[in-house]
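In: next input, structure requested:
(2 chains)
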Amino acid sequence: MNGTIVTSPKLDATLPGSVNPIGRWLGQCLTLAEMELRKLRHDPTELLTRAIQPALWLLVFGEVFTRIHAIPTGDLRYMDFLAPGVLAQSVLFIAIFYGIAVIWERDLGLVHKLLVSPASRAALVLGKALSAGVRGLSQACIVYLLAWLLGVKMNWHPLALLGVAVTVLLGAAVFSTFSLIIACIVKTRERFMGIGQILTMPLFFASNAMYPIAIMPNWLKVIAHVNPLTYEVDAIRALMIQGGVTAYGVGADFSVLILALAALTTISARLYPNLAR
Amino acid sequence: MKVLEIAGLTRRFGNLTAVDGLNLTVAEGEIFGLLGPNGAGKTTVIKMLTTLLPPTAGTATVAGFDIRRQLAHVRASIGYVPQLISVDGALTGYENLLFFAKLYGVPRALRRSRIEEALNFAELREAAGRQVRNYSGGMVRRLELAMAMLHRPRVLFLDEPTVGLDPVARQAVWRQVRLLAREYGMTIFLTTHFMDEADILCGRVAILNLGRMAALGSPAELKRSIGHADATLDEVFAHFTGNSLETEHEWNYRDISQTRRNLARLG
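Out: Residues are numbered from 1 along each chain as shown, chains lettered A, B, ... in the order given. Presented below is the predicted three-dimensional model:
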């Protein structure tokens, strides 16, 4: 304790306009992601438990369906086709339950404290999205390892790896922000669990994660084409494996994901303050 | 100088008027207590003053900034410790402090010394590297108060700062609150339903009942005003609210179960 008596404390919280606003904004996003990384470091066992689900999909589902050649995947072995889908799926499952974490933070009072801070609402939302991305990346490492062990022909080119990392970040950000919107609307854990289950499965099945869109009935094709997961999988499939092809072009995939993220961030930045009311 | 000026502040939720035309000014450096039974509107007042909830009518200025129009300026000028836990249990005490120092834009050059100072202040130097989920309830509260001083707010809002704490931990919190007012010149605005807390800590108190101000003054003045100077603040409270601590505005099941769950986590 310093002994000096201060009569009027001098503010040093950054007032609007006092520093470069974009730098401040990015700093706030990165701060949230940094704390997520620190949490992962404190509790790495979570990474292992999270690895079980993708391992089962690849080992059981993948091995069986590769053997029976039930799904037409052209020149690609089914396992090679599936690995990018499983990566996207495991990132989806992590991201979609981010809303639960936010509801938990709301029940505690942490959300209130964040909302009283001078950080911008959009920065708080995008910071959470980036946190989901951090977890998504840890998941990507695990799926890469599993896929490689199962003999999937991986594309190890540094630019391809970077592209997958960006896609994973974007995908996790899109679905965690979506999940945040739901959390802001339902506000309780019980209701969220129900809705989370209802949404996750259709998102997963109505996409190109496990089978090509070409074999779907027309009505499902329509849904698959508005599902951002389809574009995430498409980009990962083009970049993760040797001989991977893209249906829409990686540039288009990125554009769709970025647009979806911008729209969802705008909505959830607006709804986020509802959590404290 | 008035650091807090509340004029006709009102908040309605559907048919319920939670806060009804509140007028109040608080001077710089005061420790001010807002008393009232559960459901009197204390938390609603704090939520409006901290920009979490827009008022239905009326307004207030905090550190000279309007809570309806200058939200970002208000937020930069205040600290807030909500009723329950506002620290991240998965992070260490040090990391929680670092998180808020960064979020509040404490300049990089000051960050380290401020965090050191906050850890000393909270008497958590030894525990700084441990995850907060292993802290006792008293340690959590001390850490929260320390987090609120990192950015030197002019006004600090404390919502029920000692709820769920044992007597020793409560006294530690009181000591901290006094230090923040005396050493750092912060204005403290707190809510409580503990009469002893208001008596010991606050220079002035307002008693809120059903969303309206029922009485305002120093604890001694209020005691005199009901006719006998040796009254306890409890008796004053009963006099002005017309009943004991439990009123018709009972908490609902959800509030209670949530509070119990969180208190259980606090340990």
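
In: show me where the chain has its helices.
Out: This is for chain A. Counting by DSSP state H, one finds helices in chain A at the ranges A:21-42, A:45-56, A:63-68, A:78-96, A:98-108, A:110-116, A:121-149, A:158-186, A:189-205, A:218-226, A:228-240, A:250-271.

In: sorry, I should have been clearer: chain B.
Out: With DSSP H as the criterion, chain B has helices at B:42-49, B:71-77, B:93-103, B:108-121, B:137-149, B:167-184, B:195-201, B:219-225, B:233-241, B:253-266.

In: could those go into a markdown table alongside mean pLDDT?
Out: Written out in a markdown table, the entries for the helices of chain B read as follows (pLDDT from 0 to 100):
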| stretch | mean pLDDT |
| --- | --- |
| helix B:42-49 | 94 |
| helix B:71-77 | 93 |
| helix B:93-103 | 96 |
| helix B:108-121 | 94 |
| helix B:137-149 | 93 |
| helix B:167-184 | 93 |
| helix B:195-201 | 90 |
| helix B:219-225 | 87 |
| helix B:233-241 | 80 |
| helix B:253-266 | 59 |
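
In: re the thing from before, Serialize the helices of chain A to a markdown table and add fields for mean neighbour count and mean pLDDT.
Out: (C-beta placed from N, C-alpha, C; glycine too.) What follows is the helices of chain A, written out as a markdown table (neighbours: other C-beta atoms under 10 Å in any protein chain shown; pLDDT from 0 to 100):
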| stretch | mean neighbour count | mean pLDDT |
| --- | --- | --- |
| helix A:21-42 | 16 | 91 |
| helix A:45-56 | 14 | 88 |
| helix A:63-68 | 13 | 89 |
| helix A:78-96 | 26 | 94 |
| helix A:98-108 | 21 | 90 |
| helix A:110-116 | 24 | 93 |
| helix A:121-149 | 22 | 94 |
| helix A:158-186 | 23 | 96 |
| helix A:189-205 | 15 | 89 |
| helix A:218-226 | 13 | 95 |
| helix A:228-240 | 27 | 97 |
| helix A:250-271 | 18 | 96 |
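
In: in a markdown table: the ones you listed, plus distance to chain B.
Out: Converted to a markdown table, the helices of chain A look like this (distance: least, C-beta to the nearest C-beta, whole Å):
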| stretch | distance to chain B |
| --- | --- |
| helix A:21-42 | 4 |
| helix A:45-56 | 10 |
| helix A:63-68 | 36 |
| helix A:78-96 | 16 |
| helix A:98-108 | 4 |
| helix A:110-116 | 4 |
| helix A:121-149 | 9 |
| helix A:158-186 | 14 |
| helix A:189-205 | 11 |
| helix A:218-226 | 35 |
| helix A:228-240 | 28 |
| helix A:250-271 | 14 |
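
In: show me what contacts B:V173?
Out: B:G138, B:R141, B:R142, B:L145, B:P161, B:T162, B:L165 (C-beta atoms under 8 Å, 6 or more residues apart in numbering or on different chains).

In: narrow the residues you listed to those that are buried.
Out: Among the contacts of B:V173, those classed as buried by neighbour count (16 or more other C-beta atoms under 10 Å in any protein chain shown) are B:G138, B:R141, B:R142, B:L145, B:P161, B:T162, B:L165.

In: for B:R141, see how far away the last one is.
Out: Same thing as B:L165. B:L165 is 6 Å from B:R141, where distance means C-beta to C-beta, to the nearest Å.

In: can I assume A:F254 is in contact with A:V166?
Out: Yes. Contact between A:F254 and A:V166 holds when scored by C-beta atoms under 8 Å: they sit 7.4 Å apart.

In: and the contacts of B:V173, which is closest to A:I103?
Out: Ranked by distance to A:I103 (C-beta to C-beta), the contacts of B:V173 are led by B:R141 at 23.2 Å.

In: how much space separates that closest one from A:I198?
Out: In terms of C-beta to C-beta, B:R141 sits 39 Å off from A:I198.

In: can you check B:V87 too?
Out: In this view, B:V87 and A:I198 are 33 Å apart by C-beta to C-beta.

In: try A:V134
Out: Between A:V134 and A:I198 the distance is 27 Å, computed by C-beta to C-beta.

In: give me the neighbour count for B:G36.
Out: 28 (other C-beta atoms under 10 Å in any protein chain shown).

In: chain neighbours aside, what residue packs nearest to it?
Out: Counting by C-beta to C-beta, 6 or more residues apart in numbering or on different chains, B:L208 is the residue found nearest to B:G36 once chain neighbours are left out, at 3.7 Å.

In: for the one you found, list each beta-bridge partner.
Out: The residues listed as beta-bridge partners of B:L208 by DSSP bridges are B:M213.

In: surely it and B:A214 touch.
Out: Yes. A contact is recorded between B:L208 and B:A214 when judged using C-beta under 8 Å, the distance being 6.8 Å.

In: more neighbours, those two?
Out: When neighbours are counted by other C-beta under 10 Å, B:L208 and B:A214 differ, and B:L208 comes out ahead with 27 against 18.

In: looking at the more buried one now. What's its pLDDT?
Out: On pLDDT, B:L208 comes in at 92.

In: OK, contacts around it?
Out: B:L22, B:L34, B:L35, B:G36, B:A40, B:G41, B:K42, B:V45, B:A214.

In: next: B:L119.
Out: Contacts of B:L119 by C-beta under 8 Å, 6+ apart are B:G93, B:Y94, B:L97, B:R125, B:A128, B:A146.

In: show me which of those neighbour chain A.
Out: Contacts with chain A within the contacts of B:L119, as defined by C-beta under 8 Å from any C-beta of the partner chain: none are present.

In: give me the buried subset of those.
Out: Buried among the contacts of B:L119 (16+ other C-beta under 10 Å): B:G93, B:Y94, B:L97, B:A128, B:A146.

In: just these now: which is nearest chain A?
Out: Taking C-beta to the nearest C-beta as the measure, chain A lies nearest B:Y94 of the buried ones among the contacts of B:L119, at 10.0 Å.

In: how many other residues sit next to A:D75?
Out: Around A:D75 there are 8 other residues, counting by other C-beta under 10 Å.
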